[in-house]
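Visitor: Quick one, what's the 3D model for this:
(chains A and B)
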Amino acid sequence: MPLSTDSNFAKPDDAFRAVVEAHRGLSDGQSADLDAALVLILANHIGDIGVLREAIALARRRVVTSDQQQQQQQQ
Amino acid sequence: MAQSSKIQFGYVRHPDQDRPDGDAAHHAVVVVGAGPVGLSLAIDLAQRGQRVVLLDDADRIGEGSRAICFSKRSLEFWDRLGIGQRMVDKGVVWSVGKIFHGDKQLYQFNLLPEQGHKRPAFINLQQFHAEAYLVDRVETLPHIELRWRNKVTGLDPRNDYVVLTIETPDGPYRLRANYVVACDGARSSLRQMVGAEFTGQVFEDQFLIADVKMTAEFPTERWFWFDPPFHAGRSALLHRQPDDIWRIDLQLHPDADPVIERKPENVRPRIARMLGHDEFEFEWISLYKFQCRRMDKFIHGRVLFAGDAAHQVSPFGARGANSGLEDAENLAWKLDRVLRGTSPEALLETYHTERSAAADENIRESTRSTDFMAPVSNQEARLRTAVLSLAKETEFGRRMINGGRLSVPSIYDTPLSTADRDAWRGGPRPGTSMPDAPVAPRAGEPGFLTEAFIKAGTRFTLLEFSNGAAVDVPDEVAVIRVGPDGLSDPEGLATQRYDAEPGSAYLLRPDGYVAARFRHPTRAGLDAALARAGGFN
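Guide: Numbering: from 1, shown residues only, chains lettered A, B, ... in the order given. Next up, the predicted model:
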């Protein structure tokens, strides 16, 4: 089964809010700890390495790595 | 009690050394390096009828325990070489590992939870004991000439043989060999002589390995700690060996100074903190940075590479010596057949195909373990922390903890296998090593399939679950028959482990790997599978 990128929640705002609220009052370090655990819990729930890899690829496209930054600066 | 074995050997001049360079003695196989891999390979070849010259640049068995964990697969191989029992008698048997975080146990695993196997999941045995027993075995085999203080200093490949230049206390001499097998370790000089690259990943963290002698009541289990109270922020391993020796492995900081850290007066307080007492002596201390790397090609013309000479892994997982022994058993029967002319030279190519894939798998597994123990970024450390903390509450967290994934026999995706045509619900698929099971000449007698395989001659063997009808078997194939007219399967475990029905049959390679399987074998099917497994393709 490929990664689903359709909107799966009846109320997407609830889902986004739940994640945001989980980070309220946390330091950056604590937030990173929370995310690490959350990612692993959700990854295990999905239980499909293909879907996980697609999700990682999609997420990574948001992250501008230092190599890409250098390239952009050169352009 | 095991008999005591020599560890110091004398150099003996050989008549080959009196021959002029232009008329050097010619041998079928020269094996370089008398470590566990070279010794085992030489024994296997000699048992198959090949004459082997085995060279080693030292004149004694190496000091220090080095490898200590020998796998079930390695023990089954050593059974075929006639020394498995001696290894097991001396070794300590174990199958349980425990993982701790801080002072709490997180996870326990059993590597062989089922009964009905001749050999345990693992024994721990100091490498020097294993080598000494192998040398004892070599000395009973007239087909092997073991020459100590013979150091290969030159290698000159020709089309149909290789010329080796060998340095000895009496000066240099030359040998010709149809094939040279380099088992000369991670710093292989033969690898440099053929100009092969040996690149891979170096891990920055350092590990302190100490073997200490003490009387202790810890169980014979592999204990691994993340962030233990006695060694904050790093990992630690405790593992038993024979003779009241304990292997302790402590992860150190990447910047630790090896010269300082190796000093016994600095190691002692670290170990004392771990054990809670000071009642121990050091047997061996070593400081390591680990590398994971392999040669691109295990075969360079007539020079073949095996063991650490061909591939190197971190030690978490016992994948170094065990994979080297798997190399030896994979190579021995192929080299024997090629030398006899019963298989084409192309069969040797599959040594590279099968064992380099195995090396990749071992490198992948041991790299993952080492990365888990020594995360390389803050976020990797966070993920590791998350796994360790999730492990307290969840099964999936426990299963993600990686304190070393222990060596299991490789499964080969290989041109020597014949793809299944029949329907199987289980059992070993082609490319898998044969599982053991109890079988006996008569019900009530002891016996195992691995023993029946040895008795049948350690050659191409048809393991047949009889339905009463005789199978037309090619001449060179031995037969093990399980059923009313053959060996009994008292607990039904052989039938179950091979997903067998009356008539089912497995064609086993001389290294005990499954080449093909059939619900109802035909002569044509067997001939084709045998040709394929012999490299005729």
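Visitor: what's the helix or strand for the closest residue to B:Glu139 other than its chain neighbours?
Guide: In space, and not counting its chain neighbours, B:Glu139 is closest to B:Leu146: 7.6 Å by CB to CB, 6 or more residues apart in numbering or on different chains. Yep, even glycine has a C-beta here, placed from its N, CA and C like the rest. Element membership for B:Leu146, per DSSP states H and E: strand B:144-148.
Visitor: Counting by contacts, list what that strand packs against.
Guide: helix B:36-47, strand B:52-56, helix B:127-139 (3 or more CB pairs under 8 Å, 6 or more residues apart in numbering or on different chains; DSSP states H and E).
Visitor: so how far is that strand from its chain's centroid?
Guide: Centre-to-centre, strand B:144-148 and its host chain are 22 Å apart (CA atoms, centre = their mean, to the nearest Å).
Visitor: now do stretch A:7-17
Guide: Its chain's C-alpha centre and that of stretch A:7-17 lie 15 Å apart, by CA atoms, centre = their mean.
Visitor: tell me the mean pLDDT for it?
Guide: For stretch A:7-17, the mean pLDDT works out to 97.
Visitor: cool, stretch B:81-95 as well?
Guide: Per-residue scores along stretch B:81-95 average to 97.
Visitor: And that stretch, what's buried?
Guide: For stretch B:81-95, the neighbour count (16 or more other CB atoms under 10 Å in any protein chain shown) marks B:81, B:83-84, B:86-88, B:90-92, B:94-95 as buried.
Visitor: Tell me the one of those residues nearest A:Arg61?
Guide: B:Ser95 (45.4 Å; CB to CB).
Visitor: thinking that closest one is in contact with B:Leu112, fair?
Guide: Yes - counting by CB atoms under 8 Å, B:Ser95 does reach B:Leu112; the two are 4.6 Å apart.
Visitor: rewinding a little: make a markdown table out of the helices and strands packed on strand B:144-148 and add mean pLDDT and mean neighbour count.
Guide: Converted to a markdown table, those look like this (pLDDT from 0 to 100; neighbours: other CB atoms under 10 Å in any protein chain shown):
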| stretch | mean pLDDT | mean neighbour count |
| --- | --- | --- |
| helix B:36-47 | 98 | 28 |
| strand B:52-56 | 98 | 25 |
| helix B:127-139 | 96 | 21 |
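Visitor: is it possible to export the ones you listed to JSON lines including distance to B:Arg459?
Guide: What follows is the helices and strands packed on strand B:144-148, written out as JSON lines (distance: least, CB to CB, whole Å):
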{"stretch": "helix B:36-47", "distance to B:Arg459": "11"}
{"stretch": "strand B:52-56", "distance to B:Arg459": "18"}
{"stretch": "helix B:127-139", "distance to B:Arg459": "20"}
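Visitor: Of the ones you listed, which is nearest A:Met1?
Guide: helix B:36-47 (45.1 Å).
Visitor: The longest helix anywhere in chain A - contacts with which helices or strands?
Guide: As assigned by DSSP state H, the longest helix anywhere in chain A is helix A:28-46. Judged by 3+ CB pairs under 8 Å, 6+ apart, the packing partners of helix A:28-46 are helix A:12-23, helix A:49-60, helix B:378-391, helix B:395-400.
Visitor: Let's see that with 6 Å instead.
Guide: Packed against helix A:28-46 by the contact rule (3 or more CB pairs under 6 Å, 6 or more residues apart in numbering or on different chains; DSSP states H and E) you find helix B:378-391.
Visitor: For chain A, which residues are neighbours of chain B?
Guide: Within reach of chain B by CB under 6 Å from any CB of the partner chain, chain A has these residues: A:32-33, A:36-37, A:40, A:44.
Visitor: Just among those residues, which is most surrounded?
Guide: When neighbours are taken as other CB atoms under 10 Å in any protein chain shown, the top entry among those is A:Ala36 (21 neighbours).
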